[in-house]
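Undergrad: Take this sequence and fold it.
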Amino acid sequence: MARYRGPKQKIARRFKEPLFGPSKVLERKPHPPGQHGQSRRRRESEYAVQLKEKQKAKHTYGMLERQFRNLFKKAARKKGVTGENLLRFLEARLDNSVFRLGIGATRRQARQMVNHGHIVVNDQIVSIPSYQLRPGDVVAVRPKSRRSPLFQENVRRNRHSYSWLEMDRKTLTGKFVDYPSRKDIPETIKEQLIVELYSK
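TA: Residues are numbered from 1 along each chain as shown. Alright, predicted model coming up:
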């Protein structure tokens, strides 16, 4: 599966947010990357602002354009607010849920865990990071993989909890209770700008 392999912190500096986890680079270099990063920039057009928001969402969840656009189309077909539907589908991705549960320290690490067959959904190995979870699905570390200290250490260090997920730290088992509401999703993504961009 194709994915972005370029420098992560340049992306974080572009959006002025730690999209890939805590980093001191934003303190050392608060200006955007590139030769003219520190120069005075002109006011961005409406299209540029919308495109930037879409790019931020794609990088946050580790997706490429075709996959992101297909998920948007799915969100648009579903009843309700399209932008909120999109974020709910993004949060329901298996790799994102593995990250939210604390099994993976970052979304990239969670994606790799899924790819390598360390994660089971309802007792079945699922190696597709974009797999869409449904309410009631049980996500766990494969029994053979639980001996690795990495999973235990990640869960021990994780201090976050989310209303739409339940986690049993002892058995490394989590549950996708339901799709989250927009107010519960911590990402600072302005989803309406993405909807406006794709609606053109």
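
Undergrad: Check which residues of the host helix or strand of K52 are buried.
TA: Using DSSP states H and E, K52 maps to helix 46-61. The neighbour-count check on helix 46-61 (16 or more other Cβ atoms under 10 Å) flags Q50, K52, E53, K54, Q55, K56, A57, K58, H59, T60, Y61 as buried. Quick note: C-beta positions are derived from backbone N, CA and C, even for glycine.

Undergrad: now swap in stretch 148-168 and tell me
TA: F151, Q152, N154, V155, N158, Y162, W164, L165, M167.

Undergrad: Read off the pLDDT value for the fourth one.
TA: This points to V155. Here, the pLDDT recorded for V155 equals 92.

Undergrad: cool, K200 as well?
TA: Here, the pLDDT recorded for K200 equals 78.

Undergrad: So which residue is smack in the middle of the chain?
TA: Y61 (3.0 Å; Cα atoms, centre = their mean).

Undergrad: Mind telling me what element the closest residue in space to that residue that isn't next to it in sequence is part of?
TA: Nearest non-adjacent residue to Y61, counting by Cβ to Cβ, 6 or more residues apart in numbering: L90, 5.0 Å away. Using DSSP H and E, L90 falls within helix 82-91.

Undergrad: So which elements touch that helix?
TA: Contact partners of helix 82-91 among helices and strands, from 3 or more Cβ pairs under 8 Å, 6 or more residues apart in numbering; DSSP states H and E: helix 65-77, helix 94-100, helix 191-198.

Undergrad: where in the protein is pLDDT low?
TA: Where the chain drops to pLDDT under 70, the residues are 1-42.

Undergrad: And it, what are its domain boundaries?
TA: 8-89+190-198, 96-178 (automatic domain parsing).

Undergrad: Could you say which of these is packed most deeply?
TA: Greatest average neighbour count among the domains of the chain goes to domain 96-178 (a mean of 17), per mean count of other Cβ atoms under 10 Å.

Undergrad: Start and end of that domain, how far apart?
TA: 14 Å (Cα to Cα, to the nearest Å).

Undergrad: And for stretch 120-132?
TA: Using Cα to Cα, the end-to-end distance of stretch 120-132 comes to 13 Å.

Undergrad: contact partners of it?
TA: If you take Cβ atoms under 8 Å, 6 or more residues apart in numbering as the criterion, stretch 120-132 is touched by 1, 62-63, 67, 89, 92-95, 110-111, 114-117, 119, 133, 137-142.

Undergrad: Mind doing that once more with 7 Å?
TA: 67, 89, 92-95, 111, 114-115, 117, 119, 137-140, 142 (Cβ atoms under 7 Å, 6 or more residues apart in numbering).
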